[in-house]
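Engineer: got a structure for you, letters missing:
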Ligand SMILES: Cc1ncc(C[n+]2csc(CCOP(=O)(O)OP(=O)(O)O)c2C)c(N)n1
Ligand SMILES: [Mg+2]
């Protein structure tokens, strides 16, 4: 059954048919017909942003905290180019987005028309797929296909570029009945049973096993986190995770080793290094994880479960690849394990656990607290304490504060931690928090921020004010681009070239000027009360938390080093750790 | 990941690669849609893969399918990535490594313009005959030859024409197909 309507109306109709409730966008000449269609309906709520990059990160936060597709609407030319950072971010972190962009009318394409840019050309390498819709007849199919491609397989951003004449054109709207029946795109969801059985055999025999999990578990849905918990319970294996996977396994579990990788815990990295079996579930052996590749987990057999075949064997040799959706495969693992054994989990791996306990005793996340100045680690622990019984979502910017959030905040549920992992985009956290709050209006949504990062997308605070979104921006203000400063200390003789945050705004006044509340705290004794003030305020808050300026983020695996060569917290002079060869690495 | 420049794909690991680069011919079946060539070429340049030769043309009009033949030189691990990354593109149906799958036929066509007079003209024709190159255009002072065959044959022909007055050459790049009755 089809219905006559304009291209612009089709956009809104397709969004409705895809159960979209919110879109994040900014108007302009080439999308005016779509904005007119928005005006004439009530099903879909439009969140007006202040910059298109903000819209993309909001959509990312929205998507990651709900599991739904995030939708962005931008105009041609500068609207589209402003969205590039967020699209690239979503590509690297596998976040499902559909970005609809306006384009100049088809007869003008290629003529350097006003606000024309080659959107499909520019976004080709930063999207999972993109489309230029040249005919109204193609529009309904493409819109629905875009949602299918964005959300299935390994999720990612999809751009649909719609020329203005196509938005005005009349055509037949229909919703394809078989949208998962794409002619060439067919993600593999079920793992090979033989391979899964082989994996379980390896797992039963392993003496020093570890589950290394990542964002793939989160993307596989809430059920995957539950399955993971069951698998861990059944096998008794220790669990670690990448930044992107935090929360899939509860931090409160005694099988949890903490995050692994460059700023991971001693026990997680040492367990990876010494493991005889690594079961990688939805992670990709990224360079922040492996450290020096020729010394990475040298004596282990590696099983890699991933929905994207190209992730397998890309950096690290894999002994047993299993392609498919994490949840399906974990469920099969559980079933087969139960069939094969009722092995007592503790006795089988007691030697391994004893070793892990010794590593844990190193307490690699310890830090020296202070009565005079707020330590950033302490601030996050107090924040965690204040919200631990609340329905809380955390986003971050990029830098030391991001790593401290990952290390010191306890994530016990999936979809609760939104951060820019792959691209490391400063300015992600504030708009992401806006997007999360749109999806979860009654939850506590906190952006753990740095004073430098937050200035990159600060203007979206106004968006929060406009839409009454009570986001809390908790700035760990160390007056430095701390992570840059730390690397300069590590590699460049403490010459802090351009990493001091000069001429900072008065964040309290800034918050007030924008219509929110500002809070400042620099006294550890007053921190708890100040955090409570922030949480009690029913509106957006900018919290200027003045922390110690030259704190380093440790532990750390420096460039060119292996997992068992970490810098631990007592290292005072980190400037002598890295050799010449390591210095060229990033 | 620039696997060509940094064989491991990691910023941490700059050591010498072990395996030698190999030359492989890939056949890629795609939907013939706008921008498909840019997608393929863009993937190679973005990830630092080599393209030695690339040809493309529609091969099935009803279904709107094109077949792309790409010749690349890469180490085995990178070759695997090239194949997997190509398969990741939405309009790509299949990728076959013809070199890996056994013997395949590879052919190329070249148009070769040679100018000359007197004895050189006779010699030119004699060599063209030996190479089964066809004269497709002639003037009193020039010939254009059409020659097909393996790239090595074409290169040899061009080398011989060089001293005889080679003016210019255009080549199609390699088209390849697997031997035997099976289809891609
Ligand atoms: C858009 C962008 N530009 C530059 C960088 C490089 N960079 C990484 S961390 C960082 C400093 C962040 O400073 P701040 O937000 O104050 O966080 P801190 O490290 O002090 O906690 C910079 C400049 C980046 N990640 N993103
Ligand atoms: Mg800072």
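Structural biologist: Received it, and whenever you're ready, just let me know what you need. Since this is a predicted model, take the numbers as computed values, not measurements. Ligands and ions are numbered 1, 2, ... in the order given.

Engineer: how about low-confidence regions in the chain?
Structural biologist: You didn't say which chain, so I picked chain A. For chain A, the stretches with pLDDT under 70 are A:1, A:346-347, A:580-581, A:586.

Engineer: wait, chain B
Structural biologist: Those would be B:1-17, if you go by pLDDT under 70 across chain B.

Engineer: let's see it at 80
Structural biologist: By pLDDT under 80, the weakly predicted segments of chain B are B:1-18.

Engineer: what residue of it is the furthest out?
Structural biologist: In chain B, the residue that sits farthest from the middle, by C-alpha atoms, centre = their mean, is residue B:118; the gap is 35.5 Å.

Engineer: Quick check, the residue in chain A closest to ligand 2?
Structural biologist: In chain A, the residue that lies nearest ligand 2 is residue A:450 (3.8 Å; C-beta to the ion). (Each C-beta comes from the backbone N, C-alpha and C, glycine too.)

Engineer: Where do the strands of the stretch 51-200 of chain A begin and end?
Structural biologist: Residue ranges of the strands in the stretch 51-200 of chain A, as given by DSSP state E, counting those that start in this stretch, are A:70-74, A:97-103, A:129-132, A:157-163, A:170-173.

Engineer: With ligand 1 as the reference, name the closest of these.
Structural biologist: Of all the strands of the stretch 51-200 of chain A, it is strand A:157-163 that lies closest to ligand 1, at 17.6 Å by C-beta to the nearest ligand atom.

Engineer: and the closest one with chain B, contact?
Structural biologist: No: against chain B, strand A:157-163 shows no contacts by C-beta under 8 Å from any C-beta of the partner chain, the least distance being 9.0 Å.

Engineer: Parallel or antiparallel, which strands does that strand pair with?
Structural biologist: strand A:97-103 (parallel), strand A:129-132 (parallel) (DSSP bridges).

Engineer: residues of the lengthiest strand in chain B that come out buried?
Structural biologist: Using DSSP state E, we find that the single longest strand of chain B is strand B:104-115. For strand B:104-115, burial by neighbour count (16 or more other C-beta atoms under 10 Å in any protein chain shown) applies to B:104, B:106-115.

Engineer: Looking at the residues you listed, which is nearest residue A:250?
Structural biologist: residue B:104 (53.6 Å; C-beta to C-beta).

Engineer: beta partners of the closest one?
Structural biologist: The partner list for residue B:104 in beta bridges (DSSP bridges) reads residue B:178.

Engineer: List the contacts of it.
Structural biologist: Counting by C-beta atoms under 8 Å, 6 or more residues apart in numbering or on different chains, residue B:104 makes contact with B:25, B:98, B:176-179.

Engineer: Name the stretch among the strands paired with strand A:157-163 that sits most buried.
Structural biologist: Greatest average neighbour count among the strands paired with strand A:157-163 goes to strand A:97-103 (a mean of 29), per mean count of other C-beta atoms under 10 Å in any protein chain shown.

Engineer: Now do that strand: distance to the chain's middle.
Structural biologist: On the basis of C-alpha atoms, centre = their mean, to the nearest Å, strand A:97-103 sits 21 Å off its chain's mean C-alpha point.

Engineer: again, but for stretch B:176-184
Structural biologist: 17 Å.

Engineer: Tell me who's in contact with residue 59.
Structural biologist: By default, I'm working from chain A. If you count contacts by C-beta under 8 Å, 6+ apart, residue A:59 has them with A:23-24, A:70-72, A:86, A:90, A:97, A:99, A:435.

Engineer: Hmm, no, I was thinking of chain B.
Structural biologist: For residue B:59, the contact set (C-beta under 8 Å, 6+ apart) comprises B:65-67.

Engineer: Same check on residue B:110?
Structural biologist: B:146-148, B:154, B:157-158, B:169-172.

Engineer: which ones among these are found in helices?
Structural biologist: B:154, B:157-158 (DSSP state H).

Engineer: got JSON lines for these, with distance to residue B:38 too?
Structural biologist: Formatted as JSON lines, these follow (distance: C-beta to C-beta, whole Å):
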{"residue": "B:154", "distance to residue B:38": "28"}
{"residue": "B:157", "distance to residue B:38": "33"}
{"residue": "B:158", "distance to residue B:38": "30"}
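
Engineer: Which of those residues sits closest to residue A:521?
Structural biologist: Nearest to residue A:521, judged by C-beta to C-beta, of these is residue B:154 at 75.9 Å.

Engineer: Let me know whether the closest one touches residue B:147 as I believe.
Structural biologist: Yes: using C-beta atoms under 8 Å, residue B:154 is in contact with residue B:147, at 5.9 Å.
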